[in-house]
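give me coordinates for this.
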Amino acid sequence: MDTLQTVTTPDLKKRRIAFSSTTDNIVLVEKMIDDICSEFDLDENNYGNILVAVTEAVNNAIYHGNKLNPSKKVRVSFEPGEDKLSFTVEDEGMGFDYNNLPDPTSAENIEKPYGRGIFLIKNLSDGVTFLNSGRTVEISFFVGRN
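Down below sits the predicted model:
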């Protein structure tokens, strides 16, 4: 069963969501991001960067990590900080070599219809950390609130 769980602490609102690896569940992540950006009164630029970067990470987890296996879960968590918002996306796959990815802007890759997800995540966020052999990605955004 796919669930959204909100954990409230005195100063922070953390959220976690876990769902099966089907593309239909991306709407759960989009809703989560919509709610967070609204709650934190983020401008359109921050909203767009967060939406694209986090959904790219979720797409990678579903397609590449869990290989569209609906029995495997993707977990997305959110934690606000003083001046940044952090998202973590985890899958149950084998991981990948995140240090040796082809450059999607090089001539031999520019026409390929894939291979831009990590590039987008890195360029739209303020920090990306890969853990657990690439099965976990932490994405952070420094935000100016309205």
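
helix or strand: which one has residue 108?
Using DSSP states H and E, residue 108 falls within no helix or strand.

state the distance from it to residue 98.
Distance, residue 108 to residue 98, by CB to CB, to the nearest Å: 20 Å. The way it works is simple: take the backbone N, C-alpha and C, and place the C-beta from them, glycine included.

likewise residue 24?
Going from residue 24 to residue 98 by CB to CB gives 27 Å.

ok, residue 108 and residue 98, which is more surrounded?
Legend: neighbour count by other CB atoms under 10 Å for residue 108 and residue 98, higher for residue 98 (14 against 8).

got the contact list for stretch 80-95?
12-14, 21, 36, 40, 50, 54, 57-58, 60-62, 64-67, 72-79, 126, 132-143 (CB atoms under 8 Å, 6 or more residues apart in numbering).

can you tell me the closest non-neighbouring residue to the spatially most central residue of the chain?
Using CA atoms, centre = their mean, the residue of the chain that lies closest to the mean C-alpha position is residue 54, 2.7 Å off. Sequence neighbours aside, residue 87 is the residue nearest to residue 54 in space, at 5.1 Å (criterion: CB to CB, 6 or more residues apart in numbering).

next, count neighbours for the nearest residue to residue 121 once chain neighbours are set aside.
Excluding the flanking residues, the one nearest residue 121 by CB to CB, 6+ apart is residue 53, at 4.7 Å. Residue 53 has 26 neighbours, counted by other CB under 10 Å.

verify the stated contact: residue 53 with residue 127.
No: between residue 53 and residue 127 there is no contact under CB atoms under 8 Å: 10.7 Å.

and for those two, which residues touch both?
Joint contacts of residue 53 and residue 127 (CB under 8 Å, 6+ apart) are residue 139.

where does pLDDT dip in this structure?
Applying pLDDT under 70 to the chain flags residues 1-12, 144-146.

how about a cut-off of 90?
Under the criterion pLDDT under 90, the flagged ranges of the chain are 1-14, 81-83, 99-116, 143-146.

quick one, strands of it?
3-8, 13-20, 73-80, 84-90, 127-131, 136-142 (DSSP state E).

out of those strands, which is closest to residue 28?
Across the strands of the chain, residue 28 has its closest neighbour in strand 13-20 (5.7 Å, CB to CB).
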